[in-house]
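Chemist: Structure, please.
(chains A, B and C)
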Amino acid sequence: MKAPEKRKFQTRLVRWFKANRRPMPWRETNDPYKIWISETLLQQTQVATATGYYLRFISRFPDVRSLSRARLQTVLKLWEGLGYYARARNLHRAASQIVKRFNGRVPDDMEGLLSLPGIGRYTAGAVLSIAYGKPVPVLDGNVIRVLSRLFRVEDDVRRSETREALWDLAESLMPAGNCRDYNEALMELGAVVCAPRNPACPVCPVRPDCKAFAASVQEDYPRSAPRKAIPHKHVTAGIIWKNGKFLITLRPARGMLGGLWEFPGGKAEPGETLEQCLKREIREELGIEIRVLRKLVSVNHAYTHFRITLHAFECLAGAGRVRPLACDDFKWITSRELDRYPFPGADRKIIALLSRIDPPKRGTRPPEKGDPG
DNA sequence: AATACGGGGGA
DNA sequence: TCCCCAGTATT
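Modeler: Numbers count the residues shown, from 1 in each chain, chains lettered A, B, ... in the order given. Coordinates of the predicted model:
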């Protein structure tokens, strides 16, 4: 785009935004801390979902220091149900780094921001432009869609070379002033007008600049290769009783669902029954034998790269002391205490279905020869 | 350069 | 029910 049309594009976009700006709690502030929190929440997460979490988070942790002093478990509990829990772990780590290395101030330069865990080029650009008013571009999914349509970008937008080109494009369109409005406008346009399907081209302020609209091929962009099929797995979980309490285990701090609590168990191997699976997993994870009494419920749950059916079984703990062999910690608790702990969505579904988790009645199944206990 | 990482919403 | 969405860290 040449300079005059670029200015026209920027003006049309920002004028539209000022007239159509949706109110959001983080749009009421310039506080870099709050902008950082909101942008982290908004990664992979829609505005409607993020809003409630944002209000609770800011109310509990109004500034960097309060977040840095918090326990990770408290932060994860506030994040429960949102997914991508590394975001919460990184927020917590970054807060203490900001206190130590930056005297409690969120950095106002690209290098400082990128040095913090959980902050990549998008979040750094958002904080710099929105909180500090600096002319730094942002490129999120919305902007990718808008730009790929405006310029009919033919390459797969998931390829890193294409991403690089899109960053260059975003940078070249960036105005010198009005940076906050401009970047928010670009993302807002992608969210409410330039939607993935059925984009509202008739009301689009930059329709005159759009090559895809000119050729009536808006919905063909952004281009990307078809994704591959996702596998389905069967997973077991034990409600393992002893002395009126049951076991929960803490997932290792790194990796999937890291730092969350769950009912112990694991993935079924090929050819293994669910009961065999559960007994094996408990042996490997906690070093004890169990007696499986009955199946309680099964729930389906979808992750990004696979789906699971999670089967919950009522069990009794056998003799021997529990050791955290393949988890970071374990606790014996009652159902009243469940809400204190952050759980993955699938485990929450089980908890909801059981409504109350009561100890097994005696004589549920006749004792068998070789049963533990 | 490719893959792992959750869960919600819309068709 | 299925399909789509998409920043950062890791390998």
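
Chemist: Would you tell me which residues of chain A are close to DNA strand C?
Modeler: By the criterion of C-beta under 7 Å from any atom of the strand, the positions of chain A lying close to DNA strand C are A:43-44, A:84, A:86, A:90, A:116-124, A:139-142, A:144-145, A:190, A:196, A:224, A:227, A:302, A:304. For the C-beta atoms, the positions are set from N, CA and C on the backbone; glycine is no exception.

Chemist: Please narrow those to those residing in strands.
Modeler: Helix and strand membership here follows DSSP state E; of those, those in strands are residue A:302.

Chemist: DNA strand B next: which of the residues of chain A next to DNA strand C are close?
Modeler: Under the cut-off given by C-beta under 7 Å from any atom of the strand, DNA strand B has A:44, A:84, A:86, A:302, A:304 from the residues of chain A next to DNA strand C close to it.

Chemist: just checking, residue A:330 is part of a strand?
Modeler: Yes. The assignment for residue A:330 is a strand, going by DSSP: H, G, I helix; E, B strand; the rest coil.

Chemist: who does it bridge with?
Modeler: According to DSSP bridges, residue A:249 are recorded as the beta-bridge partners of residue A:330.

Chemist: what residues are up against the residue in the stretch 51-200 of chain A that DNA strand C sits nearest to?
Modeler: Distances from the stretch 51-200 of chain A to DNA strand C, computed as C-beta to the nearest atom of the strand, single out residue A:141 as the nearest residue at 2.0 Å. Neighbouring residues of residue A:141 by C-beta atoms under 8 Å, 6 or more residues apart in numbering: residue A:190.

Chemist: Could you do the one 5 residues further on as well?
Modeler: Applying C-beta under 8 Å, 6+ apart, one finds that residue A:146 lies in contact with A:186, A:189-190, A:194.

Chemist: Show me where chain A dips below the pLDDT cut-off.
Modeler: Regions of chain A meeting the criterion pLDDT under 70 cover residues A:363-373.

Chemist: quick one: the helices in it?
Modeler: In chain A, the segments counted as helices under DSSP state H are A:3-20, A:32-42, A:47-60, A:64-69, A:72-79, A:86-102, A:110-114, A:121-126, A:141-150, A:160-173, A:179-192, A:211-214, A:274-286, A:345-354.

Chemist: closest one to residue A:312 among the ones you listed?
Modeler: The closest of the helices of chain A to residue A:312 is helix A:345-354. By C-beta to C-beta, the value is 4.8 Å.

Chemist: Once you drop chain neighbours, what's closest to residue A:334?
Modeler: Here the nearest residue to residue A:334 in space, its sequence neighbours aside, is residue A:245; by C-beta to C-beta, 6 or more residues apart in numbering that works out to 5.7 Å.

Chemist: burial of the one you found, as a residue count?
Modeler: Under the neighbour criterion other C-beta atoms under 10 Å, residue A:245 is assigned a count of 16.
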